[in-house]
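Q: got a predicted structure here, sequence first:
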Amino acid sequence: MLNLNPGFMGGTEEYASGLQREIVVTGAASTAGTRIVALTTGAGAGFAIDGVETRVVRGLPGGRSLARRIRVFLVSTLYRPLLSRYFADADVVFYPFTALMPLISRVPTCVLVHDLQHLELPRNFSMAQRIYRSLAYDRRITHADAIVAVSESTRASIMHRLRIGGHRIQVIPPGIDGRFFTPRATPAAESGDQFLYYPARGLPHKNHSTLFEAFRLLRQSRPDLRLVLTGGDGHLLGPLPEGVTHEGRVSRERVRELYQTASALVFASAFEGYGLPPLEAMACGAPVASSNAGSLPEVCGDAVEYFSPLSAADMVHAVSTVLDNPDEYRRRGYLHVETRTIEQSARQYEKLWESLAAHA
């Protein structure tokens with residue numbers, strides 16, 4: 001996890017953390033005798049949970065800036081033999097954040113690809129970012145012994161953009177922790193306070209601008225409706241419209257509380273390799289209105305009301321439909337998330353890793 005930047009990687013970070021918890025803390029008997037070791041830079045040293053050993057590469061602080069990520073890439077490439085000692089006792093190496101750093105040849109490797117947004121929407125990235133991702137992601141993914149995509153949408157993107165045969169790519173959908181993301185034990189008191197919730201970083205593809213326009217239109221008939229935002233990079237959003245609050249990066253517990261008390265989740269993203277928040281919201285009892293972009297129809301099935309992320313009017317219609325029929329969408333959500341659990345994901349990874357180790 002040499003490219004891990006805790007607190008700034010959204011759903012990819014939540015999923016990696018969830019896999020740790022599922023395998024180490026609540027793992028089935030098949031994990032007996034299996035040891036999970038997290039290899040990180042100094043920046044990621046606190047990510048591993050109890051029960052996961054952390055090995056920090058000395059002299060490699062890591063961090064969020066592109067310059068620091070490039071330094072990690074160069075050090076892991078130029079001094080690869082020196083890093084081999086960190087893998088001396090490994091049976092399988094898993095890269096959960098797409099970047100294969102360092103490249104390993106003597107141990108079976110598995111890479112998880114969340115998306116190739118830098119190739120699908122290059123306008124969202126600077127030239128330097130695209131070059132970095134080309135070197136750390138695109139040119140290295142094919143070296144992995146096993147390639148995992150989070151969705152069929154991402155699998156198709158890998159096949160198309162990187163010219164990798166579909167037979168080499170396995171789809172393992174992420175799942176949510178149903179032990180943590182649950183409805184309130186007792187219903188919240190009726191306060192008359194209605195608010196929409198959107199957890200997303202303030203990046204261009206998260207589509208806050210269209211959401212703000214839709215929210216303005218919604219307030220014409222629902223003047224007391226509020227919109228609550230969480231996630232990093234809030235400074236990129238500019239001045240917030242009336243009725244909108246941004247809480248920034250918040251705890252996992254606070255996210256759950258917002259899911260449990262929101263009138264609806266509105267997931268406005270214009271691009272997603274997967275998208276965990278709609279599933280988390282469903283598990284917590286929130287009705288969901290979602291964009292139909294990328295993999296989201298694949299992820300959400302018939303449990304949500306869809307809209308085009310390019311149309312504020314379409315978003316207004318979908319959100320209004322959900323707000324007017326909350327019990328129906330809540331029922332659909334509960335049924336749907338039963339098929340999207342972190343336990344199911346973890347078991348699939350265990351089988352894959354065991355197969356890689358057995359055939360090494």
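A: Looks like it came in fine.
Q: ok, now how distant is the closest residue to residue 142 other than its chain neighbours from residue 154?
A: Nearest residue to residue 142, sequence neighbours excluded (C-beta to C-beta, 6 or more residues apart in numbering): residue 164, at 5.9 Å. All C-beta atoms are positioned from the backbone trio N, CA, C, and that covers glycine. Note on residue 164: its distance to residue 154, by C-beta to C-beta, to the nearest Å, is 12 Å.
Q: settle it for me: which of the two has more neighbours?
A: residue 154 (26 against 17; other C-beta atoms under 10 Å).
Q: run the chain-centre distance for the one helix or strand the more buried one maps to.
A: Using DSSP states H and E, residue 154 sits within helix 152-162. From the chain centre to the centre of helix 152-162 is a distance of 17 Å (C-alpha atoms, centre = their mean, to the nearest Å).
Q: count of residues packed around residue 195?
A: Neighbours around residue 195, by other C-beta under 10 Å: 17.
Q: just the helices in the stretch 101-250 of the chain please.
A: In the stretch 101-250 of the chain, the helices defined using DSSP state H, counting those that start in this stretch lie at 117-120, 127-133, 139-141, 152-162, 208-221.
Q: residue 321: which of the ones you listed is closest?
A: Nearest of the helices of the stretch 101-250 of the chain to residue 321, taken as C-beta to C-beta: helix 208-221 at 11.8 Å.
Q: which strands or helices does the closest one pack on?
A: For helix 208-221, the elements it packs on are strand 195-199, strand 226-230, helix 312-324, judged by 3 or more C-beta pairs under 8 Å, 6 or more residues apart in numbering; DSSP states H and E.
Q: again, only this time at 7 Å
A: helix 312-324 (3 or more C-beta pairs under 7 Å, 6 or more residues apart in numbering; DSSP states H and E).
Q: related to what we said a few turns ago, list the contacts of the helix holding residue 154.
A: 113-116, 119-120, 138, 141-142, 147, 149, 164, 166, 169, 171, 273, 294-295, 298 (C-beta atoms under 7 Å, 6 or more residues apart in numbering).
Q: buried members of the residues you listed into PyMOL, please.
A: Entered in PyMOL, the line below selects the buried ones among those, by 16 or more other C-beta atoms under 10 Å:
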select buried, resi 113+114+115+116+119+120+138+141+147+149+164+169+273+294+295+298
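Q: low-confidence ranges in the stretch 151-300 of the chain?
A: 186-192 (pLDDT under 70).
Q: on that earlier part again, which residues does the residue nearest to residue 142 contact?
A: For residue 164, counting by C-beta under 7 Å, 6+ apart, the contacting residues are 142, 147, 158.
Q: same question, residue 226
A: 195, 243.
Q: try it again at 8 Å.
A: 193-196, 243-245 (C-beta atoms under 8 Å, 6 or more residues apart in numbering).
Q: now do it against residue 193, distance only.
A: 7 Å.
Q: returning to what we had before: let's have the helices of the stretch 101-250 of the chain in CSV, adding distance to residue 256.
A: Below are these laid out as CSV (distance: least, C-beta to C-beta, whole Å):
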stretch, distance to residue 256
helix 117-120, 27
helix 127-133, 32
helix 139-141, 33
helix 152-162, 26
helix 208-221, 22
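Q: out of these, which gets nearest to residue 45?
A: helix 127-133 (22.4 Å).
Q: what is the closest one packed up against?
A: For helix 127-133, the packing partners by 3+ C-beta pairs under 8 Å, 6+ apart are helix 66-78, helix 117-120.
Q: quick revisit: just the ones of the contacts of helix 152-162 in strands?
A: Among these, the residues falling in strands (DSSP state E) are 113, 147, 149, 169, 171.
Q: which among those residues gets closest to residue 51?
A: Taking those together and measuring to residue 51 by C-beta to C-beta, the closest member is residue 113, at 26.6 Å.
Q: the closest one touches residue 98, doesn't it?
A: Yes: with contact defined as C-beta atoms under 8 Å, residue 113 reaches residue 98; the gap is 5.4 Å.
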